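> kindly return the folded structure for what I paste below:
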Amino acid sequence: MAAKKTKGRQKIEMIITFSKRRSWIYKNASELVTLTGSEIAIVVFSQSGKPYTFGHPSVEAVANRFLGMNQLPNDNIHSLVVGHRQVRINELNQQHNELRRQLDEEKEQEKILTQMRRGKETQPRMWETPVDEHNLQEQLQMDSAVDDLHQIFLAKLNERAAAAAASSPVAPSLYFHHK
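As a prediction, the model looks like this:
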């Protein structure tokens, strides 16, 4: 049987929920400002009546602009700053979109590679299948692969024997060959 929640526990859970949701709203508002260059103001009151605010450039500046107070005069400097900010925002948006596109491509490649790996894991390897279950072509391929492996093995063995003979005048010279 689940323990009954006390008023204190319920209040703590409500505060945590409020805090998480408030953070989510602030994060999204900040993203909106970054992506669009907009000005924004948010005022949230908790259940206890405490105000929480978020604003760009500030809550006061946005509120004053909304109410028609203290608007900046329409001068060339302000227009240049706004224009420069908008150009920079557009550049950042383009970079963001390009990075998202690259990320999506990488995720697609990861999916393909994962599917390929899973496919290989489910198929038995050629050498794990009994020889009599292979057709003639597969048996010839296996024979050729074994011969290639044997040649590589003999070459490495001869390299080591030659190196040992060169470093020790007493060591006999041994060379291996394929029959």
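> any idea how this protein splits into domains?
12-71, 73-129 (the TED database).
> which one of these has the lowest average pLDDT?
For those, mean pLDDT drops lowest on domain 73-129, to a mean of 80.
> returning to what we had before: can you list the domains of the chain in CSV and add distance to residue 6?
Glycine gets a C-beta too; all of them are placed from N, C-alpha and C. As requested, those are exported to CSV (distance: least, Cβ to Cβ, whole Å):
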stretch, distance to residue 6
domain 12-71, 10
domain 73-129, 46
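> make sure I have this right: residue 43 is in a strand.
Yes: counting by DSSP: H, G, I helix; E, B strand; the rest coil, residue 43 is part of a strand.
> give me the distance between it and residue 165.
Distance, residue 43 to residue 165, by Cβ to Cβ, to the nearest Å: 87 Å.
> between those two, which is the more surrounded one?
Just comparing residue 43 and residue 165: by other Cβ atoms under 10 Å the higher neighbour count belongs to residue 165, 15 against 11.
> and the pLDDT at that one?
The model reports residue 165 with a pLDDT of 77.
> all strands for the protein, in order.
In the chain, the strands defined using DSSP state E lie at 40-45, 51-56.
> export those to a markdown table and tack on distance to residue 158?
Below are these laid out as a markdown table (distance: least, Cβ to Cβ, whole Å):
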| stretch | distance to residue 158 |
| --- | --- |
| strand 40-45 | 76 |
| strand 51-56 | 74 |
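> of all these, which lies closest to residue 66?
With Cβ to Cβ as the measure, strand 40-45 is the member of those nearest residue 66 (7.7 Å).
> what's the angle from the closest one to strand 51-56?
Per axes from the mean of the first three to the mean of the last three Cα atoms, to 10 degrees, the angle that strand 40-45 makes with strand 51-56 is 170 degrees.
> CA atoms of stretch 128-138 as PDB?
Extracted in PDB, the C-alpha atoms of stretch 128-138 (Å, rounded to 0.1, in the frame of the first residue of the first chain):
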ATOM      1  CA  GLU A 128      31.400 -21.100 -38.800                       C
ATOM      2  CA  THR A 129      29.200 -23.000 -41.300                       C
ATOM      3  CA  PRO A 130      30.000 -26.700 -41.800                       C
ATOM      4  CA  VAL A 131      32.000 -27.200 -45.100                       C
ATOM      5  CA  ASP A 132      29.500 -29.600 -46.600                       C
ATOM      6  CA  GLU A 133      26.800 -26.800 -46.400                       C
ATOM      7  CA  HIS A 134      28.800 -24.600 -48.800                       C
ATOM      8  CA  ASN A 135      28.400 -24.800 -52.500                       C
ATOM      9  CA  LEU A 136      31.400 -25.400 -54.800                       C
ATOM     10  CA  GLN A 137      32.000 -21.600 -55.400                       C
ATOM     11  CA  GLU A 138      32.000 -20.900 -51.600                       C
END
